[in-house]
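[1] Build me a model from this:
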Amino acid sequence: MKESGQENAILGKIISTNDTPNTNECFFVVLGDVKKGQYILIKDEKDVYIAIVNELFSANKYFERPETVMDYEKVIDITSHFPTNEWNYIIANCRIFGTITEELKLERAFSPPKPGAKVVKISEQILKSFLGFVDDGLNIGNLNNHNLEVKIDLSRLLQKHLAILAMSGAGKSYLMSVIIEELINRKKENGRIGIVLIDVHGEYKFFKHSYPTQTEIIEGEKFRIPLKKLSSHLLNEWIEGITVPQMREFDNILNELKNTAKKELKPFSLNDLEVKINELEAKSQKKEIKNLYQIIKNLKALKLFAFSEKPNLKEIVKPGKLTIFDLSKLTNDRAKQIIVHYLSTTLFKLRKKERIPPFVIVIEEAHNFAKEKAHKYNAIPKAAIETIAREGRKFGASLILISQRPVKLSTTALSQCNTHIIMRISNPFDQRHIEESAEGVDNYVINSLPNLHVGEAIIVGEATNFPVMFKVRRRHVENKKNELSLKELAIKYEQEIDKFNKDVEAFI
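    Next up is the predicted model:
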C-alpha cells in the first residue's frame with residue numbers, strides 16, 4: 001500500500017497492557033490530534049490495520065497513586081514543586097476491524113499489531129472503500145471527525161428498506177427532507193425513483209415552493225377511493241363488526257349496482273348503495289342484512305369514496321417526483337388509516353405489474369399505522385406495510401419508516417428494514433427494541449444513542465460496511481415556516497382574544 005503525506009502524519013504509538021494489543025483491541029499513547037470516534041491506521045513491519053478510537057483517557061505519572069497525592073497535598077502543592085505538566089499524556093483505546101490489503105480489501109486480523117507500531121491518519125480513499133461510500137451516492141451528511149461526505153449507495157440504502165428512529169426533536173424529519181432533496185436532484189443516468197410521502201403533520205409542504213415542478217401535494221380531505229374498488233374484503237379490513245353472511249350479501253348488492261351502472265352507462269354512488277341496503281333491510285328478515293345499513297352509513301361518514309379515484313395513483317408516481325399526501329387536516333383517525341392502507345396496497349400492486357416506476361413510500365409516525373400490539377382496526381395498514389417490508393425489494397417497492405417510538409412499531413416491519421438510521425434515543429425500552437430488531441446494532445451503538453446531539457445520527461445495516469456516526473448536512477432550501485414556542489403561542493392567543501373583544505365593543 002502506497003503511503004501519502006497524510007498517512008505519514010504520526011498520531012501515536014501502540015503500547016502494551018496486560019491484555020493488549022490483540023486482534024480486536026489495542027491502546028496507544030497519543031502524539032497528535034486524535035478524537036473519539038476517529039478512524040485510524042496502525043502500521044507495523046508486516047500489516048496495516050484499520051481501527052476506530054473508542055475512548056480517550058488522560059493520564060499523569062504524578063497522579064497515578066491517590067494515597068501519594070493525598071499525603072503530598074497535606075504538606076505542599078504538587079503542581080508547584082514538580083514538573084507535572086511535562087508528564088500529562090493521553091491514552092486512546094481502539095477497536096480493530098482488521099487489516100487492509102494493497103487492493104483496499106478488509107481482511108480479518110490473524111495476529112495483533114506490535115507494541116511500538118505507528119498510528120497514522122487514514123486517507124480518504126481507504127476510508128471511503130472501507131465504509132462503502134460511493135461517488136454517485138446520496139449525500140446525507142459528513143462523517144464525524146473526518147472531512148468526508150457520507151454518500152450512500154441508493155440500492156444499499158433503500159432496496160431492503162430503511163428505518164429512521166429517534167426521539168422527538170432529534171432531527172428525524174430534517175434528515176428525511178435531506179434524503180428527499182437527494183432523490184429529487186438525482187441525475188437520470190444515476191437512477192431515479194418515485195417518492196410517495198405520508199405527511200401526518202404537514203411538515204414537508206415547503207418542498208412545493210422549492211421544487212414546484214417536481215412536487216405534488218394531495219390534501220387528505222380531497223382523497224377519494226373509487227367505488228368500483230370497493231369489496232366485502234376491503235370492508236372487512238376497514239370496518240369492525242361485519243360478519244361473513246353480511247359480506248356475502250354486500251357483494252351481491254354491490255355487483256347488482258355495478259351491473260346496472262354498466263347497462264345504463266351512468267355511475268352509482270355510495271348514496272345508491274345506502275338506499276339499496278336500506279330497502280333490503282326493511283323488506284328482508286335475514287339476520288345477515290340487519291345492521292349492514294349502519295355499517296355502510298359509518299363508511300359513508302368517512303367521506304373517502306367517489307365514482308373515480310382521486311388522485312389517479314397510476315399517474316402520481318414518476319421518477320424524481322415527490323408526491324405528498326398531507327393528512328394534517330384530517331381529524332378522523334380511521335380515515336387516515338384507510339388512506340395509508342389503500343395507498344400501500346394499490347401502489348404495490350401497480351408496481352408488481354410494472355405500471356409505475358420503482359418507488360419509495362415514506363411513512364411518518366409509522367408506529368401509528370403499523371403498531372406492534374394493537375387491535376386490527378386500530379392498525380389497519382399494518383399487514384400491507386409488513387407485506388411491502390417482506391416482498392417489496394423484489395419488485396422495486398421500498399419503505400422508509402419514521403418513528404419516535406420504536407417499541408410500538410411492528411417488529412416484523414422493523415426487522416425487515418435492513419438499514420437503520422438512529423438519532424438520539426434515551427428511552428431504554430426503545431433502545432432494547434432497536435437492539436433486538438436491527439442487525440448490526442451492538443452495545444457501542446446503543447450506549448452512544450442518549451449522547452447524540454440534535455442532527456447527529458448512526459447508520460447501521462445494509463447501507464454501510466460498518467456502523468457510521470455522522471452529522472446530517474444542511475438542507476439546500478430551508479423551511480420558511482417558523483414554529484412558535486409555547487410562550488409565543490400563549491401570548492398570541494391572548495392578543496387575539498383581546499383584539500376580538502375590542503372589536504365587539506367598538507361594534508356595539
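[2] Which residue ranges of the stretch 101-250 of the chain form strands?
    106-107, 118-121, 138-143, 149-152, 162-165, 194-199, 215-219, 225-226 (DSSP state E, counting those that start in this stretch).
[3] Any idea how far the last one is from the middle of the chain?
    The one in question is strand 225-226. How far strand 225-226 lies from its chain's middle: 30 Å, per C-alpha atoms, centre = their mean, to the nearest Å.
[4] what is the mean pLDDT for that strand?
    Over the span of strand 225-226, the pLDDT mean works out to 90.
[5] Kindly report the domain assignment for the chain.
    5-131, 149-223+311-472, 227-305 (automatic domain parsing).
[6] from those, which stretch is densest packed?
    Across these, averaging neighbours per residue (mean count of other C-beta atoms under 10 Å) puts domain 149-223+311-472 on top, at a mean of 19. Quick note: C-beta positions are derived from backbone N, CA and C, even for glycine.
[7] From residue 418, how far off is the residue lying closest to residue 142 once chain neighbours are set aside?
    Closest residue to residue 142 apart from its sequence neighbours, by C-beta to C-beta, 6 or more residues apart in numbering: residue 471 at 5.2 Å. Distance, residue 471 to residue 418, by C-beta to C-beta, to the nearest Å: 23 Å.
[8] next one: residue 469
    For residue 469, the distance to residue 418 - C-beta to C-beta - is 19 Å.
[9] Repeat that for residue 444.
    Counting by C-beta to C-beta - residue 444 and residue 418 are separated by 19 Å.
[10] Give me the most central residue, the chain.
    Nearest to the mean C-alpha position of the chain, by C-alpha atoms, centre = their mean, lies residue 164 at 1.8 Å.
[11] pretty sure that one contacts residue 421?
    Yes. At 5.0 Å, residue 164 and residue 421 qualify as touching, with contact defined as C-beta atoms under 8 Å.
[12] quick one: common contacting residues for the two?
    residue 175 (C-beta atoms under 8 Å, 6 or more residues apart in numbering).
[13] re the thing from before, which SS state does the residue nearest to residue 142 fall under?
    strand (DSSP: H, G, I helix; E, B strand; the rest coil).
[14] wait, what's in contact with it?
    141, 142, 144, 455, 456, 457.
[15] and what of residue 125?
    Contacts of residue 125 by C-beta under 8 Å, 6+ apart are residue 104.
[16] Next: residue 143.
    Neighbouring residues of residue 143 by C-beta under 8 Å, 6+ apart: 127, 131, 149, 150, 468, 469, 470.
[17] Now compare these and name the two farthest from each other.
    Spatial extent of the contacts of residue 143 (C-beta to C-beta) is set by the pair 149 and 469 at 14.2 Å.
[18] Assumed residue 494 was part of a helix.
    Yes. Applying three-state DSSP, one finds residue 494 inside a helix.
[19] Listing request: residues of the protein with sub-threshold pLDDT.
    1-8, 284-290, 438-440, 479-484 (pLDDT under 70).
[20] In it, which residue sits furthest out from the middle?
    residue 75 (59.6 Å).
[21] beta partners for the residue nearest to residue 142?
    Residue 471 has these beta-bridge partners by DSSP bridges: residue 142, residue 456.
[22] Quick check: it vs residue 182, distance?
    16 Å.
[23] Same question for residue 72.
    60 Å.
[24] swap in residue 137?
    Applying C-beta to C-beta to residue 137 and residue 182 gives a distance of 9 Å.
[25] Next, the contact list for residue 313, please.
    Contacts of residue 313 by C-beta under 8 Å, 6+ apart are 343, 346, 347, 350, 356.
[26] residues contacting residue 342?
    With C-beta under 8 Å, 6+ apart, residue 342 has these contacts: residue 225.
[27] what's the following helix or strand after the strand or helix carrying it?
    Assigned by DSSP states H and E, residue 342 belongs to helix 333-352. Going down the chain from helix 333-352, the next helix or strand is strand 359-363, by DSSP H and E.
[28] And the contacts of the helix or strand following that following strand?
    Downstream of strand 359-363, the first helix or strand assigned by DSSP H and E is helix 382-391. Residues from elsewhere that reach helix 382-391 (C-beta under 8 Å, 6+ apart): 161, 340-341, 344-345, 348, 361, 363, 366, 369-371, 374, 376, 397, 399, 401, 410, 412-413, 416-417.
[29] angle of helix 382-391 against strand 359-363?
    Put simply, helix 382-391 runs at 140 degrees to strand 359-363, going by axes from the mean of the first three to the mean of the last three C-alpha atoms, to 10 degrees.
[30] send the alpha carbons of helix 382-391 over as CSV?
    The C-alpha coordinates for helix 382-391 follow below in CSV (Å, rounded to 0.1, in the frame of the first residue of the first chain):
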residue,chain,number,x,y,z
LYS,A,382,-50.1,-2.9,9.3
ALA,A,383,-50.5,-6.0,7.2
ALA,A,384,-50.0,-4.0,4.0
ILE,A,385,-46.9,-2.4,5.3
GLU,A,386,-45.5,-5.7,6.5
THR,A,387,-46.1,-7.2,3.1
ILE,A,388,-44.1,-4.5,1.4
ALA,A,389,-41.4,-4.9,4.0
ARG,A,390,-41.2,-8.7,3.2
GLU,A,391,-41.6,-8.7,-0.6
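[31] mind checking how far it is from the chain centre?
    16 Å.
[32] cool, stretch 115-134 as well?
    28 Å.
[33] mind checking the end-to-end distance for that stretch?
    35 Å (C-alpha to C-alpha, to the nearest Å).
[34] ok so, going back, I'd like the domains of the chain written out as JSON lines, with distance to residue 504 added.
    Putting these into JSON lines (distance: least, C-beta to C-beta, whole Å) gives the following:
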{"stretch": "domain 5-131", "distance to residue 504": "61"}
{"stretch": "domain 149-223+311-472", "distance to residue 504": "29"}
{"stretch": "domain 227-305", "distance to residue 504": "35"}
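[35] of those domains, which approaches residue 502 most closely?
    Using C-beta to C-beta, those put domain 149-223+311-472 closest to residue 502, at 30.2 Å.
[36] And the closest one, how far out from the chain middle?
    The chain centroid and the centroid of domain 149-223+311-472 are separated by 5 Å, computed with C-alpha atoms, centre = their mean.
[37] Could you report the neighbour count for residue 473?
    For residue 473, the neighbour count with other C-beta atoms under 10 Å is 18.
[38] Quick check: phi and psi on it?
    Main-chain dihedrals, residue 473, degrees, to the nearest 10: phi -70, psi 160.
[39] For it, list the residues it contacts.
    Contacts of residue 473 by C-beta under 8 Å, 6+ apart are 139, 140, 141, 142, 149, 178.
[40] quick check, nearest of the residues you listed to residue 295?
    residue 178 (44.4 Å).
[41] In this structure the closest one contacts residue 470, no?
    No. The pair residue 178 / residue 470 is not scored as a contact, 11.2 Å apart, by C-beta under 8 Å.
[42] shared neighbours, those two?
    Joint contacts of residue 178 and residue 470 (C-beta under 8 Å, 6+ apart) are 140, 141.
[43] sorry, back to before: roughly how far apart are the residue nearest to residue 142 and residue 430?
    22 Å.
[44] Over to residue 216?
    From residue 216 to residue 430 the distance is 34 Å (C-beta to C-beta).
[45] now do residue 233
    35 Å.
[46] picking that back up, and which of the contacts of residue 471 is nearest to residue 318?
    residue 141 (27.2 Å).
[47] check contacts around that closest one.
    By C-beta under 8 Å, 6+ apart, the neighbours of residue 141 are 149, 150, 178, 457, 470, 471, 472, 473.
[48] a helix runs through residue 300, doesn't it?
    Yes. Counting by three-state DSSP, residue 300 is part of a helix.
[49] Now residue 147. Nearest residue, chain neighbours left out?
    residue 124 (7.7 Å).
[50] Chain neighbours aside, what residue packs nearest to residue 239?
    Nearest one to residue 239, counting by C-beta to C-beta, 6+ apart, is residue 295 at 5.5 Å.
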